[in-house]
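**Q** Need coordinates for the below:
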Amino acid sequence: MAALARGSEGAAAGKADEPGAAPHGNFINYYTFNPPENRLTLIPATLLQDLGCGHSGRATLMLDVGCNSGELSFALYKHLLKKPQSEDGTLRLLGFDLDENLIQRAQQANPLPQNISFIPLDITKDTPGHSQLEDYLKQHSCSHFHLCLCLAVTMWVHLNHGDSALLELLSRLASISQHLLLEAQPWKCYRSAARRLRKLGCSDFDHFKMLRIRGDMAGHAREHLERRCGMELVQSFGSTTWDRQLLLFRRKKD
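**A** Numbering: from 1, shown residues only. Okay, here's the model as predicted:
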């Protein structure tokens, strides 16, 4: 299975920049047509405090799945520090993406290399026992990321690798996260992505016509996370300008 980059179905200029030209979502100009503000306006600056992070003396760890070139990672980091954490707490963010060129751009533009890191990674191959993510957690003496962001990523795994891969992705993120902020692309985006790929004369997505998980994609994700992954929905931050819900889940208490 290939991995993921944060993607979109918005318009872009020129055939090389068309969303259909990046079938795994690794668009070179993603944040020009979906700027970070589209999400940040929905996410409270007090989110980490609301989740109880930053009070144990340990670093608060965030994970950004499919971070593309890092603009949202940078913006969210600064957004969440508008309300300072406790004096003995430090916020650290790890972003990863399948596309090594995008990761290189993120690394070169990184304003806070001591607190924000970017690595090239295929999460579908990052399994327990061979896990860069778990190595990162061990390095910081944590068993879970305090907050994991999975924003506009699920569709690309689903389209390219099928139903089982989508559920495996959700299970994997739930297993390493205390909280998961999820933005799942709705089904209309699947149809749009497939049309654009065909319009460019490319082969169709391998699994599109065989997918059994269809319709309310946010609902399907919620059902799997709550029934199979020990998580519960705690808040919806509303919908983005592209009509996608931002859903916050947390691990159920034992």
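
**Q** Just say helix, strand or coil for residue 167.
**A** Assigned by DSSP: H, G, I helix; E, B strand; the rest coil, the conformation of residue 167 is helix.

**Q** so residue 91 touches residue 51, yeah?
**A** No - using CB atoms under 8 Å, residue 91 is not in contact with residue 51, being 12.0 Å away. Heads up, the C-betas are built off the backbone N, CA and C, glycines and all.

**Q** Show me which of these two is the more surrounded one.
**A** residue 91 (21 against 16; other CB atoms under 10 Å).

**Q** quick one: contacts for residue 127?
**A** Remark: with contacts taken as CB atoms under 8 Å, 6 or more residues apart in numbering, residue 127 is in contact with residue 172.

**Q** Quick check: it is in a strand.
**A** No - read with three-state DSSP, residue 127 is coil and lies in no strand.

**Q** So it versus residue 179, what's the distance?
**A** Per CB to CB, to the nearest Å, residue 127 is found 22 Å from residue 179.

**Q** pLDDT of stretch 202-216, averaged?
**A** Throughout stretch 202-216, pLDDT has a mean value of 93.

**Q** First-to-last residue distance for it?
**A** With CA to CA, to the nearest Å applied, stretch 202-216 spans 27 Å between its terminal residues.

**Q** hmm, who's touching that stretch?
**A** Stretch 202-216 is contacted by residues 20-21, 23, 158-163, 166-167, 186-187, 190, 193-194, 197-198, 220 when judged by CB under 8 Å, 6+ apart.

**Q** show me what contacts the closest residue to residue 111 other than its chain neighbours?
**A** Nearest non-adjacent residue to residue 111, counting by CB to CB, 6 or more residues apart in numbering: residue 74, 6.4 Å away. Residue 74 makes contact with 36, 109-112, 116 under the criterion CB under 8 Å, 6+ apart.

**Q** most surrounded residue in these?
**A** Neighbour max across the contacts of residue 74 (other CB under 10 Å) = residue 116, 22 neighbours.

**Q** which residues sit in contact with the nearest residue to it once chain neighbours are set aside?
**A** The shortest distance from residue 116 to any non-neighbouring residue, by CB to CB, 6+ apart, is to residue 93 (4.8 Å). The contact partners of residue 93, taken as CB under 8 Å, 6+ apart, are 61-64, 73, 76-77, 115-117.

**Q** Put the buried members of the residues you listed into a PyMOL selection.
**A** Buried members of the contacts of residue 93, defined by 16 or more other CB atoms under 10 Å, are picked up in PyMOL with:
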select buried, resi 61+62+63+64+73+76+77+116+117
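
**Q** Show me the contacts of residue 93 that map onto helices.
**A** Judged by DSSP state H, the contacts of residue 93 include 73, 76-77 as members of helices.

**Q** picking up where we left off before, backbone phi and psi for the residue nearest to residue 116, please?
**A** When read as degrees, to the nearest 10, the backbone of residue 93 gives phi -120, psi 130.

**Q** next one: residue 181
**A** phi -100, psi 110.
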